[in-house]
Each structure stands twice: as C-alpha cells, then as structure tokens.
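Q: predicted coordinates and the sequence they were generated for:
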Amino acid sequence: MRSDEIKRGIERVPHRALLYATGLPREAIDRPFIGIVSSFTDIIPGHVDMRILERWIEKGVHSGGGYSFIFCVPGICDGIAMGHSGMRYSLPSRELIADMIECIVEAHKFDGLVFLTNCDKITPGMLMAAMRLNIPCVFVTAGPMLSGRIGKRRLSLVRDTFEAVGRYKAGIIEREELELCEIEACPGGGSCQGLYTANTMACVTEALGLSLPGCATAINGLAKKKRIAYESGLRVVELVRNNIRPLDIISERSFRNAIRVDMALGGSTNAVLHITAVAREAGIGLTLGDFDRISRETPHIVSLQPGGEYLMEDLDSAGGIPAVLKRLRDLLEDVPTVSGLSIYEIADRARIFDEHIIRPLDNPYHREGGIAVLYGTLAPKGAVVKQTAVSEKMLVFRGRAKVFDREEDALKDILDGKIKPGNVVVIRYEGPKGGPGMREMLAPTSAIVGMGLADSVALVTDGRFSGGTQGPCIGHVSPEAQEGGPIALVEDGDEIYIDIPSRRIDLLVEERILEERRKKWSPIEKKVKKGYLARYSEFVTNASEGAVSKDLVQEEK
C-alpha cells in the first residue's frame, strides 16, 4: 500500500506516534488509509450539508475495512461571487484546489480517496487532481437543491432571482413578488436546481464513470444520497485492494461518452473548459472541434432550466443519468466505471420512468446537442454558445456593437434601458488573462432576459457564462482582448454577424480598417497587480486550451 511509506519499519516510529496521536487505534495501522477530500463550508448552499455525508462515507470506508481521514479544500459560491470583482477568483480556484489536493495526498500517502464535492469549480478541480494523482478514488457529488415554492409554482435560483431583477426593472413584476422570490427561491442545501455548471459537472463525473450510478441527480439531504455516500466509502476500499486507478478506467472513449451525455442534456458551456482541463491532466488532448463534432451527432433529449422547464429533481425521478445512458446506449462506447459495472451494464439495468423528460432519440427537443463552437473573424480560435437555450429567431442575427471593457459597465447600461433591440453587447478584457480569471456574466445575461430582450439582443464576450445563461450569449471568444484578439478591435456601431447553425461569428469590418486599429492597439493596464490573480494571469492559457497553466501545456507538448 502507498501508506506503507509512512507507517512501516523501525524508521517510521515517529510517524506512527503522530498517527496514534490523532486517535488512530493500533489495529487500524494495517488498514488502507482513505482520504475523504471534503469541500464543506458554511457559505455555499451546495456544501452546507456535507458534514452529514462525510459521516456516511466514513461508515462505508470503515465497514469496508479501511480507515478514513477527512481533510478539506475551500470553495467559492459562484452565485454569491457573481457580478462583482469576487468572480475573478472562481475559475482560478480550480487550479488551487487541484494543487492543494496533490500536496496533501502526496505528503500523507493515502491509499485511496473519496472526493466529496458539488459546486462549479470544485468538482473540476477535484477531477483534475484525481487524474494527476492516479490513485483509487470515487466521487460523491452532494446533489441538487429542491425547487422553491410559492403556492404550486416552483421556483429556481436563476429564473426567480437573477432574471427576476430584470423583470422588476422592466416593471413586469412588483417589489413584493421580487422579495417573495428572494426568500423562497432557494429552500435549503444543494446545488442550484437547473442544469447549471455544478449539476452539469456532476452529470459529467457520473458519465465519466467516476461516481456511482444515480449519484449526479440524487437530491441533497435525502436518504438516497446518504446511501450512495455509504456505498462509495465501501467501494473505494475495494478499488484500493484491487489497485484499480482512475487511468485504468478513464480513456478517450470515456471523455467522448461524457461529452455526448453533456450534449444530450444541454449542459453548461463551462463544461468545455473543465472537460478539456481534466482531459489534459489525463494526458488526453481534446479540442473544441471534438465538442462540436459530438454535438452535431447527438440529439438534445432532456430539456432542463435555463433553456427548458424541467429541474434536476425531475431528471432524478425520470431515472437520472443511468436512464440517459440507456437512451443513448447505441451512441456510447462501452467502458469500465468505478462501480464495477461497465457503461453498457449500467444502461441495460436502468429504467426510464418518464418519456417526456428523457425523450427518445427520434423525438428530441433539438436535432443537435447543447453546445455549438463558432469560428470567424471575431473568434479565429473559437467561441462557444449553448445553442439549445437560444430561440429559433436568434440562431442567425446581425446587430450593432455596444462595447464595454468591464462587466459592471455593461450591466449598468442594460438595467438603465440603454441597450436596444438590434444591439450586440460586447464585453471584453474579461478573459483568463484580461479579467483576470474569466468572470461569468450571469448578471447581464439574466438582465437581458428579464427585460424582455432575449429575442432581440445578443451578448459576446471573452469571458464566460454561468450554466444558468439563456439566449444568444457567446463566450470564450479566443484569442481574448488582452492577447490582442479581434474582439479588442471592435468599436461601437460595428456590425457583428452570428450564424449558429453555420458555426460562424464575424466582425463585419474591412480588413484595412482593422489593420489601422491594430496598429494603434495596446493591452489595457492590468486590473490586478498583486497576489494570486496577478500570478494567475501570467501562467494561464486562453479559453480554447481550457484556461490551464502554461507549464502543463508545455509539458504535454
């Protein structure tokens, strides 16, 4: 066992003494040492109930013959960090989480790990660590939040808070309703109720084969989730005994399956960044073209908020990810999973309980999957859009640019009514380097929807979007403005042409004019000049490469 390095031999007397000081029983010294990597915190709704799940994982580990040690990594709530300078820290925290786990696990030589996670950057950070460390592990995602209620009307965070602000500003709802939504939209613990980034990555994790069947959609706080936590603790000890590691399970085929499930669900555009980064840690090179190709081949069969009406609780009651695998079986590749079952075996055992929520392949919501990758003179290295959350009339759009160098300035003009039908809101210098940190733009996109402009206004940015975004919102524009990409050269009044079916996004300005602008252009002064973000902006790659650290990319090459 790996842990023998810290507990075997005469020279390890001091090490054993320190282990016994933790309360470790002498008879447990011979058991596999299992780290439970928890992201418990009091400030993230998706994580506040993790202390309970930690206990159930512990019970499983000890019942299986292992001995567990809990350690924690921090997390950021994207919803609370949204719309202000705090969002700059969200994506960069992904790299910190992976690095911190590497430090703790390698220093203490755990034999196996259970990753207890839930929200946006924490799950991908843990996945990156799992690939990097390559020791036996199981993931437990803590589960979605139940819907809020006003009478029989169901509420969710994005639609009934972020978008409700825009509806209030537009005079569509009264202050009393806004305040009622504020207190009722989020009734308790769990990740936000729709298919936003947290739940997208939970589904991706299960589709990769790294969590037990049913884990992604099992609701936070309910007994089903506790049983999955217990079974995950049992299972990790078995994986350790059989020396089954993540890279024995994960392959290019696993990533293709995960992308296909994501496309069928219509998940967050952030999944492109995160799956690419996790694959790089596994030594697998994914490109934007892989996402677009799989999306073209995969029908969109589950319609969840923000683009649809259903919530994660509905997908769970319809059979969860196993039922989605059953529906997609002929499009998937058979690979192993941490459960001991293959993807095909999970699919064959699954039941589909609601044909309306998980539609047949020949009756999809959309013929193609959730994400489209666009290229053109505005985004030579690509940009992404959640096409299944765009209305039919906005799939092709030509508009005049309104340019902003900060998210806050754009939001102010949107809420002040200065953005008109036919505009393309361009928010730049918000990429990985320029932000720094590639902020999410849920506040302005939700304001556009709430004010009734989703079918007449587009938004383009070198930043990124929350999984809660809907409408023609195109992010990850690469190269970003800080790198001198074409988005840096856009001026108010320029025409921008968007054609999602043809995968095009073009700046309709003559090349000679752009060349004149390019000669005058220089990067803006750095927004952050000290601390972690200043260092991050120096080593991060652009969005088309997953916004990962340069040393990782160079090492791979």
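A: Nice, I can see it. Just so it is clear, the model here is predicted, and its values are computed rather than measured.
Q: alpha carbons only for contacts and neighbour counts from here, please
A: OK.
Q: what about the strands in the stretch 51-200 of the chain?
A: Secondary structure of the stretch 51-200 of the chain (DSSP state E, counting those that start in this stretch): strands at 67-72, 112-117, 137-141, 148-150, 153-155.
Q: need the strands for the stretch 251-400 of the chain, in chain order.
A: 371-374, 382-386, 396-404.
Q: can you list these in JSON lines and add mean neighbour count, mean pLDDT and distance to P306?
A: Compiled in JSON lines, these are given as follows (neighbours: other C-alpha atoms under 10 Å; pLDDT from 0 to 100; distance: least, C-alpha to C-alpha, whole Å):
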{"stretch": "strand 371-374", "mean neighbour count": "28", "mean pLDDT": "96", "distance to P306": "14"}
{"stretch": "strand 382-386", "mean neighbour count": "28", "mean pLDDT": "96", "distance to P306": "10"}
{"stretch": "strand 396-404", "mean neighbour count": "21", "mean pLDDT": "97", "distance to P306": "20"}
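Q: columns distance to T469 on top of those strands, output as TSV?
A: Converted to TSV, those look like this (distance: least, C-alpha to C-alpha, whole Å):
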stretch	distance to T469
strand 371-374	12
strand 382-386	8
strand 396-404	18
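Q: closest one to T197 among those?
A: Closest approach to T197 among the strands of the stretch 251-400 of the chain is made by strand 382-386 (12.1 Å; C-alpha to C-alpha).
Q: please compute how far the closest one lies from its chain's middle.
A: Remark: strand 382-386 is offset 15 Å from the chain centroid, using C-alpha atoms, centre = their mean, to the nearest Å.
Q: please identify the deepest-packed of the strands of the stretch 51-200 of the chain.
A: strand 137-141 (a mean of 31; mean count of other C-alpha atoms under 10 Å).
Q: quick one: closest of the strands of the stretch 251-400 of the chain to G151.
A: strand 382-386 (31.5 Å).
Q: ok, the closest one: who's next to it in the sheet?
A: strand 371-374 (antiparallel), strand 473-478 (antiparallel) (DSSP bridges).
Q: show me what the longest one is in contact with.
A: The list of residues contacting strand 473-478 from outside it, by C-alpha atoms under 8 Å, 6 or more residues apart in numbering, reads 378-386, 431, 445, 458-465, 485, 487, 542-544.
Q: switch to 7 Å and redo it
A: 379-385, 458-465, 485, 542-544 (C-alpha atoms under 7 Å, 6 or more residues apart in numbering).
Q: can you pull the contacts of G320?
A: Per C-alpha under 7 Å, 6+ apart, neighbours of G320: G214, T217.
Q: check what pLDDT the residue positioned nearest the centre of the chain gets.
A: For the chain, T197 is the residue whose C-alpha lies nearest the centre (C-alpha atoms, centre = their mean; 3.7 Å). Note on T197: pLDDT of 94.
Q: that older thread, can you list the strands paired with strand 382-386 in CSV and add distance to E309?
A: Shown next, in CSV, are these (distance: least, C-alpha to C-alpha, whole Å):
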stretch, distance to E309
strand 371-374, 18
strand 473-478, 19
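Q: wait, which of these is closest to V73?
A: So among those, strand 473-478 is nearest, using C-alpha to C-alpha, at 27.2 Å.
Q: need the CA coordinates for the closest one. CSV is fine.
A: This file holds the C-alpha atoms of strand 473-478, laid out as CSV (Å, rounded to 0.1, in the frame of the first residue of the first chain):
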residue,chain,number,x,y,z
CYS,A,473,-24.8,34.6,-25.4
ILE,A,474,-21.5,33.7,-27.0
GLY,A,475,-18.5,33.3,-24.7
HIS,A,476,-14.9,32.1,-24.5
VAL,A,477,-14.0,34.3,-27.6
SER,A,478,-10.4,33.4,-28.4
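Q: next SSE downstream of that strand?
A: strand 495-499 (DSSP states H and E).
Q: other SSEs contacting that next one?
A: Helices and strands touching strand 495-499, by 3 or more C-alpha pairs under 7 Å, 6 or more residues apart in numbering; DSSP states H and E, are strand 396-404, strand 504-507.
Q: apart from its chain neighbours, what residue comes closest to L178?
A: Computed as C-alpha to C-alpha, 6 or more residues apart in numbering, the closest residue to L178 that is not its neighbour in sequence is A164, at 6.6 Å.
Q: hang on, I meant C72
A: Computed as C-alpha to C-alpha, 6+ apart, the closest residue to C72 that is not its neighbour in sequence is S38, at 4.7 Å.
Q: quick one: contacts for that neighbour?
A: Applying C-alpha under 7 Å, 6+ apart, the residues contacting S38 are I70, F71, C72, V73, F115, L116, T117.
Q: of those residues, which is the nearest to E309?
A: T117 (25.9 Å).
Q: from what I see, the closest one and G143 are in contact.
A: No - using C-alpha atoms under 7 Å, T117 makes no contact with G143, being 8.9 Å away.
Q: in stretch 61-81, what counts as buried?
A: 61-62, 64-68, 72-73, 75-79, 81 (16 or more other C-alpha atoms under 10 Å).
Q: hang on, the earlier thing: including distance to K526, could the helices and strands packed on strand 495-499 go into a markdown table?
A: Below are those laid out as a markdown table (distance: least, C-alpha to C-alpha, whole Å):
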| stretch | distance to K526 |
| --- | --- |
| strand 396-404 | 16 |
| strand 504-507 | 26 |
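Q: can you say which of the ones you listed is nearest to R235?
A: strand 504-507 (46.5 Å).
Q: right, and the helix or strand after the closest one?
A: Next along from strand 504-507, by DSSP H and E: helix 511-520.
Q: got the buried residues for that following helix?
A: For helix 511-520, by 16+ other C-alpha under 10 Å, it's R517.
Q: what's that helix in contact with?
A: L489.
Q: do the same with stretch 283-293
A: E252, I259, T276, A279, I371, A372, V373, S544.
Q: give the buried residues for it.
A: So stretch 283-293, judged by 16+ other C-alpha under 10 Å, has buried residues G283, I284, G285, L286, L288, F291, D292.
Q: from G546, how far off is the fifth one?
A: This means L288. Going from L288 to G546 by C-alpha to C-alpha, to the nearest Å gives 10 Å.
Q: and for the third one?
A: Look at G285 and G546: by C-alpha to C-alpha, they are 11 Å apart.
Q: also S68?
A: In terms of C-alpha to C-alpha, S68 sits 33 Å off from G546.
Q: same check, this time on A534
A: For A534, the distance to G546 - C-alpha to C-alpha - is 19 Å.
Q: neighbour-wise, which of the two wins?
A: A count of neighbours by other C-alpha atoms under 10 Å puts G546 above the other of A534 and G546, at 25 against 16.
Q: what sits against the closest residue to the more buried one other than its chain neighbours?
A: Once flanking residues are discounted, G546 sits nearest to L273: 4.3 Å by C-alpha to C-alpha, 6+ apart. The contact partners of L273, by C-alpha under 7 Å, 6+ apart, come to A543, G546, A547.
Q: try G376
A: Taking C-alpha under 7 Å, 6+ apart, one finds R504, I505, D506 in contact with G376.
Q: also V324?
A: I358.
Q: T469 is in contact with A443, isn't it?
A: No - contact criterion C-alpha under 7 Å: T469 and A443 do not qualify, at 9.1 Å.
Q: separation between L91 and I70?
A: 25 Å.
Q: one more: G308?
A: For G308 relative to I70 (C-alpha to C-alpha), the value is 38 Å.
Q: again with K381
A: For K381 relative to I70 (C-alpha to C-alpha), the value is 42 Å.
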